[in-house]
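S.K.: Take a look and give me a structure for this.
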Amino acid sequence: MEQLVPFIEQQSTVIVSTKDMEGNIWASMLLGDTGLVKVATSKQIYIQLNHLKSTRKEILFTNIKSQSNIGLLFIDTATRTRYRLNGEATLYPDKIEITVSEAYPNCPKYIQQRVPAFSEEISELGMEEIKGTRLNSEQLKWIKKADTFFLGSVNTAGNMDASHRGGSTGFIELLEDNTLKIPDYIGNNLFNTLGNFVQVPKAGLLFIDFEKGHSLQITGETELIFDQQEVQDVEKLWARVDIGFLDHKNGYKHNFTTK
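M.R.: Alright, predicted model coming up:
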């Protein structure tokens, strides 16, 4: 990991996967300025909260108080570079301390190039949060046109994973009964996420509206399908009615330009 320290420390965006007390998986995004991430050693990383610009009301802060396992994805959408790690998190007033268990890079496939233009301090007073169990028409329309989302999963040992999924606009298929069907394209052949789904059929999905500062977190159960007509159509993710979502309007101010 030593050669990737400069890359990790220059990131102002971190995707995080955590688990709540009921065992539901959540994918979250932390936004900050330069200095948000500090690599102390190959086994010790800090998220420095004095550099955080996104809200501390994010569900991950509640989750890591009771479930310390955490997965992190560092992704630079401008250069299409990503790096994943997992470990144990400890929350302090001024930082999140992560003791690293595993760390590895990923290939750049299916990463849509977006260049962050600026980031502004968030006003929590302006953030609207909607909770529910059934996705509405506006949310489904948003998901249908998405070309990117982020994903959290876990294995039976409790190791969390945060990853990225991308494709052409419309690559997510909307089925009946609050169900999303998502193809798993060939990437770096590590199969971490699929392996996790075999062991623990649960997932957290995070959709970001890169223009409006709007995020949608979905948590639900998963099912793998391997008997499809198309080779890449092997993964099915779905949010059950009895699980739920968090819809954050104006949850952050971070402007991206699509290349």
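
S.K.: got the residue ranges for the strands in the stretch 1-150 of the chain?
M.R.: Assigned by DSSP state E, counting those that start in this stretch, the stretch 1-150 of the chain shows strands spanning 13-19, 25-31, 37-41, 44-48, 69-76, 81-91, 95-106, 114-120, 128-132, 148-154.

S.K.: I225: how many residues sit nearby?
M.R.: Other residues near I225 come to 11 when the count uses other C-beta atoms under 10 Å. (Each C-beta comes from the backbone N, C-alpha and C, glycine too.)

S.K.: Tell me who's in contact with K202.
M.R.: Residues near K202 by C-beta atoms under 8 Å, 6 or more residues apart in numbering: G23, N24, I25, S153, V154, T219, G220, E221, T222.

S.K.: Tell me how many other residues surround the fourth one.
M.R.: Under the neighbour criterion other C-beta under 10 Å, S153 is assigned a count of 27.

S.K.: The fifth one too?
M.R.: The number of residues packed around V154, counting by other C-beta under 10 Å, is 25.

S.K.: wait, doesn't it sit right on N192?
M.R.: No. Contact between V154 and N192 fails when scored by C-beta atoms under 8 Å: they sit 10.7 Å apart.

S.K.: Please enumerate the shared neighbours of the two.
M.R.: The contact lists of V154 and N192 share D161, where a contact means C-beta under 8 Å, 6+ apart.

S.K.: which residues sit in contact with T18?
M.R.: With contacts defined as C-beta under 8 Å, 6+ apart, the neighbours of T18 are 25-26, 28, 59-60, 63-64, 67, 69-71, 89, 152, 160.

S.K.: go on, D20?
M.R.: If you count contacts by C-beta under 8 Å, 6+ apart, then D20 has W26, I59, T62, N63, S66, Q67 around it.

S.K.: could you redo the contacts of T18 as TSV and give each row pLDDT?
M.R.: TSV is the format used below for the contacts of T18 (pLDDT from 0 to 100):
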residue	pLDDT
I25	94
W26	94
S28	93
I59	92
L60	95
N63	97
I64	98
Q67	96
N69	98
I70	98
G71	97
A89	98
G152	94
M160	96
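
S.K.: what residue ranges in this protein score low on pLDDT?
M.R.: Low-confidence segments of the chain (pLDDT under 70): 1, 78-80, 105-128, 184-191, 213, 226-244, 246-259.

S.K.: Helices of that one, start to end?
M.R.: For the chain, the helices defined by DSSP state H cover 5-9, 59-66, 137-144, 192-199.

S.K.: Reformat those into TSV and put mean neighbour count next to each item.
M.R.: What follows is these, written out as TSV (neighbours: other C-beta atoms under 10 Å):
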stretch	mean neighbour count
helix 5-9	15
helix 59-66	18
helix 137-144	14
helix 192-199	18
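
S.K.: Using CSV, lay out the ones you listed together with distance to S42.
M.R.: As requested, the helices of the chain are arranged in CSV below (distance: least, C-beta to C-beta, whole Å):
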stretch, distance to S42
helix 5-9, 9
helix 59-66, 21
helix 137-144, 38
helix 192-199, 20
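
S.K.: Hmm, L194 and L224 touching each other?
M.R.: Yes. Look at L224 against L194 with C-beta under 8 Å: they come within range, at 6.7 Å.

S.K.: sorry, back to before: of the contacts of T18, closest to T34?
M.R.: Within the contacts of T18, proximity to T34 (C-beta to C-beta) peaks at S28, which comes in at 20.4 Å.

S.K.: what pairs with T13 across the strands?
M.R.: Counting by DSSP bridges, T13 is bridged to L31.

S.K.: I75 contacts T13, correct?
M.R.: Yes. Contact criterion C-beta under 8 Å: I75 and T13 qualify, at 7.1 Å.

S.K.: How much space separates L52 from E88?
M.R.: Distance from L52 to E88, counting by C-beta to C-beta, to the nearest Å: 20 Å.

S.K.: out of these two, which sits in the more crowded spot?
M.R.: Between L52 and E88, counted using other C-beta under 10 Å, the more crowded position is L52 (21 against 16).
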